[in-house]
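K.L.:
quick one, structure for this:
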Amino acid sequence: MRKKERERLKDFGRGDDGKMAYLGDHVRLADGQDRGRLLRALWAACGAATLATLVASLANPAGLSGCPYVVMPYMLQFVAMVWVLWGMGRLSVAGERVRVYVRDETVGALPLRCVVAAALALVAAVGEVVFLVLSGAAPAAADFAFLACEAVAVVALVALRRLCLATTWQPC
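P.N.:
Modelled structure (predicted):
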């Protein structure tokens, strides 16, 4: 068991009814922020990034046909998007009162996850441009679609990161 998980165990104990319960701290959105509005904004940005990532592969550009410096960053970007979606899903089901460790593992971790996914999208886009330059072939519509989708994914991930960083929490 990791050290962080072991430390979290001290926040669990027997509740008033004798069953195991979380006895640690909870937080909620500060300044009367609407949780539903925040989640809609977060999911809109996350959905745009996810959709752009998926559509980029459906465009089927020349670089995704076996060029390792395009395929590998794109595959890693796809995995990073699953990582972002996992954090968003976990935050969505956390409820109005959020356990501190859940907040730290979702909203606290999402900015870094967004940076990783956005950086991989940029690397894949640069790889596609390098592939096009080295191949000497004229870019097709699929290549432009791939680059546009990667740009949309980066913008959406930056927006998601900013929303997460702007969210304030207070103990409850």
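
K.L.:
which element is the most centrally placed residue in the chain on?
P.N.:
Central residue of the chain (C-alpha atoms, centre = their mean): Val84, 2.4 Å from the mean position. Per DSSP states H and E: Val84 is located in helix 68-92.

K.L.:
so what does that helix touch, helix or strand wise?
P.N.:
helix 35-58, helix 100-105, helix 110-135, helix 141-166 (3 or more C-beta pairs under 8 Å, 6 or more residues apart in numbering; DSSP states H and E). In short, each C-beta sits where N, CA and C put it, glycine included.

K.L.:
got the angle for that helix vs helix 141-166?
P.N.:
If you take axes from the mean of the first three to the mean of the last three C-alpha atoms, to 10 degrees, helix 68-92 sits at 40 degrees to helix 141-166.

K.L.:
tally of neighbours for Leu160?
P.N.:
Using other C-beta atoms under 10 Å, the number of residues around Leu160 comes to 27.

K.L.:
wait, which of the helices and strands packed on helix 68-92 is closest to Pro73?
P.N.:
helix 110-135 (4.0 Å; C-beta to C-beta).

K.L.:
after the worst-scoring helix or strand of the chain on mean pLDDT, next one along is what?
P.N.:
Sorting the helices and strands of the chain by mean pLDDT, DSSP states H and E puts helix 3-8 at the bottom, at a mean of 71. Proceeding N to C from helix 3-8, the next assigned helix or strand is strand 12-14, under DSSP H and E.
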